[in-house]
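[1] no sequence for this one, just the structure:
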Ligand code: THU
């Protein structure tokens, strides 16, 4: 399992911010990027993908998990970084004072792969002046997951 070194932490935050440049958010104009750090040190990113039928929009975290799992990834989720805000000139999110935390649905989606690996990933929520470091279990206590159906 790759430890969350300070360098990896900064790289994960940078990856989330870079991913936010690819957000397709013509309706909310709120760009979100997510980066997943895996046990082997690899990083998978996602950005929010909105839809003209607003309710069908996909959050950045969900996109990242779908990219990972549709490529065969199962478990090994060590950390997640999320950033959101209005886009700058390059499309990257400019975070506001209040760090963006994963929405409720994304917490559940993240929980699926976390439970498959049997670990509790660190979640980094990036704000303008601070990065809130928490865990998925803190954000989604007593989560329903694969183990309930075993
Ligand atoms: N959004 C995310 O991508 N992740 C979250 O955790 C919160 C919300 C997106 C959905 C929508 O495209 C935009 O942010 C505004 O809600």
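    Yep, that arrived. Keep in mind it's a predicted model, so treat the numbers as computed, not measured.
[2] can you pull up the bridge partners for residue 37?
    residue 43, residue 79 (DSSP bridges).
[3] got the residues of this protein near the ligand?
    For the chain, the contact set with the ligand under Cβ under 6 Å from any ligand atom comprises 25, 28, 30, 32, 48, 50, 57, 59-61, 102-103, 106. Bear in mind the C-beta positions are built from the backbone N, C-alpha and C, glycine included.
[4] just the helices in this structure please.
    6-20, 60-70, 104-117, 136-139 (DSSP state H).
[5] need the residues of the chain next to the ligand in JSON lines (columns: neighbour count and pLDDT).
    As requested, the residues of the chain next to the ligand are exported to JSON lines (neighbours: other Cβ atoms under 10 Å; pLDDT from 0 to 100):
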{"residue": "25", "neighbour count": "21", "pLDDT": "98"}
{"residue": "28", "neighbour count": "14", "pLDDT": "98"}
{"residue": "30", "neighbour count": "17", "pLDDT": "98"}
{"residue": "32", "neighbour count": "27", "pLDDT": "98"}
{"residue": "48", "neighbour count": "25", "pLDDT": "98"}
{"residue": "50", "neighbour count": "18", "pLDDT": "98"}
{"residue": "57", "neighbour count": "16", "pLDDT": "98"}
{"residue": "59", "neighbour count": "22", "pLDDT": "98"}
{"residue": "60", "neighbour count": "31", "pLDDT": "99"}
{"residue": "61", "neighbour count": "28", "pLDDT": "98"}
{"residue": "102", "neighbour count": "23", "pLDDT": "98"}
{"residue": "103", "neighbour count": "15", "pLDDT": "98"}
{"residue": "106", "neighbour count": "25", "pLDDT": "98"}
